Structure formats: C-alpha cells, structure tokens
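> pasting the sequence and the predicted coordinates here, then a few questions.
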Amino acid sequence: MYSEGKGKVIIVSAPSGAGKTTIVRHLLAGGLNLVFSVSACSRPPRNHEINGKDYYFLSTAEFQQKIQEGDFVEWEEVYPGKYYGTLKREVRRIWDEDHHILFDVDVQGGINLKKAFGARALALFIMPPSLAELENRLRLRATDTGKSIRERVKKASLELTFAPKFDYTLINDDLEVAKKEAVKVVRCFLDEGSRVITTIRQQE
C-alpha cells in the first residue's frame, strides 16, 4: 500500500459515456483543493496532446523499465504492449504542494488505485441510469461507429458489475444533480475523513 505524503485521494471511474469527464472537471473547479493526476502511457501523443499535461508519454521500453524499477503506484497493460499507469513522482508532486489528488481512470485502474491507497482514498463510480441510456448517449456524441458503440456497451455491461467494489456509486440520470452530489460526497470525505459507502440521493 502506498503511504508516502499526507494528502488524500479521489478516484473517479465509469464506463465510457457515463459522464465521468464532465463530473471530474466540475470537481476540479469546485474549490476542493484537488489537483488532477496526469497518468503515464506507452502510446504516442494524439493531435494537440501535450506531454506532462494530458499524459506522460513513454515508449513501451521506457514504461517497462519503470515497471522494473518500481516507479509506479499502479499500472496495467490495457492492450498488448499498451501500458497505462500512475507514477509515484506524480503523487509526490501533488502531495508536496499540499493538494489532494484527483484520478480520472478506467474501472480496472480505479480498483488498482483503491487497493494502493486504502482508507486514504474515496473511490467514486459514475453509473448511467441504464445500458440503453448509455448507448443513446454514445450515439448522440457521434464520435464512434456503430460497431465501436456496440463494443463499448458490451464492455460497459461488464464494468457495471464492478460498482460494488467502489466506495460510492453515483447514478448520473440528471447531470446537474449528479455534479452537486459528487461535490457533496467528496467534500464530506475530505473534511470528515469518513468513507462513504451507501448512495445518498439528493432531494432537490
């Protein structure tokens, strides 16, 4: 278990299309003293991606060497030869600046980080109201082919089974309500230090 530093950790995970990125941006702007943790990956940067801002871009050989040297809090081989992970130096950087860390990661990465940080972490799972609604959102984004959407929905159906492994499940059926709920839960964890286990729906 990773124990260096004195800060706390917020982990946000979700199936693709559940609204994770929007909620993460809202948390970062919510006055909660959170700083986004930049992950490392072994793929080349895409258009407009900046090293150190979007990802720390490493070659496959560099990534594997850092694994051998124990430089990662957690890592996973998402596809053959395609690695993603969290560098210990990134965690130290944020904690040394007296901030808490916010992770935006896939479901397996969220589980790995939860294991790594233990009670210092709040693992938040963003859940769509249904798979049908998730598929509808993916179609409305108009960024994926029909085949890709079907693959994403199939993957999501598996990822949803991991929700009980997280500390808190937030159902994103109304984005504005979900954003407020996320801030409420995270603030409670950071201020009180208690782990939130049961979903509490806000009554607006």
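On my side now, so go ahead. Here the structure is a predicted model, which is why all the values come from computation and not from measurement.

> longest helix of this protein?
Counting by DSSP state H, the longest helix found in the chain is helix 175-192.

> may I see the buried residues of it?
For helix 175-192, burial by neighbour count (16 or more other C-beta atoms under 10 Å) applies to 177-179, 181-183, 185-186, 188-190. C-betas here are computed from N, CA, C, even on glycine.

> give me the mean pLDDT for stretch 178-194.
Mean pLDDT, computed over stretch 178-194, is 88.

> confirm Glu151 sits in a strand?
No. The assignment for Glu151, made by DSSP: H, G, I helix; E, B strand; the rest coil, is helix rather than a strand.

> what's the nearest residue to Gly81 if we skip its chain neighbours?
Nearest-residue entry for Gly81: Thr60, 5.5 Å, with adjacent residues in sequence omitted and distances by C-beta to C-beta, 6 or more residues apart in numbering.

> got the phi/psi numbers for Thr86?
For Thr86, the backbone dihedrals (degrees, to the nearest 10) come out as phi -110, psi 120.

> secondary structure element holding the residue nearest to it when sequence neighbours are not counted?
Spatially, and ignoring its direct neighbours in sequence, Thr86 is nearest to Val73 (4.4 Å; C-beta to C-beta, 6+ apart). Assessed by DSSP states H and E, Val73 sits inside strand 72-79.

> that strand: which residues count as buried?
72-75, 78.

> and those, which is closest to Ile11?
Glu74 (10.6 Å; C-beta to C-beta).

> hang on, the earlier thing: what about the residue nearest to Gly81, distance to Cys41?
Distance, Thr60 to Cys41, by C-beta to C-beta, to the nearest Å: 10 Å.

> having no further points to raise, I will conclude here.
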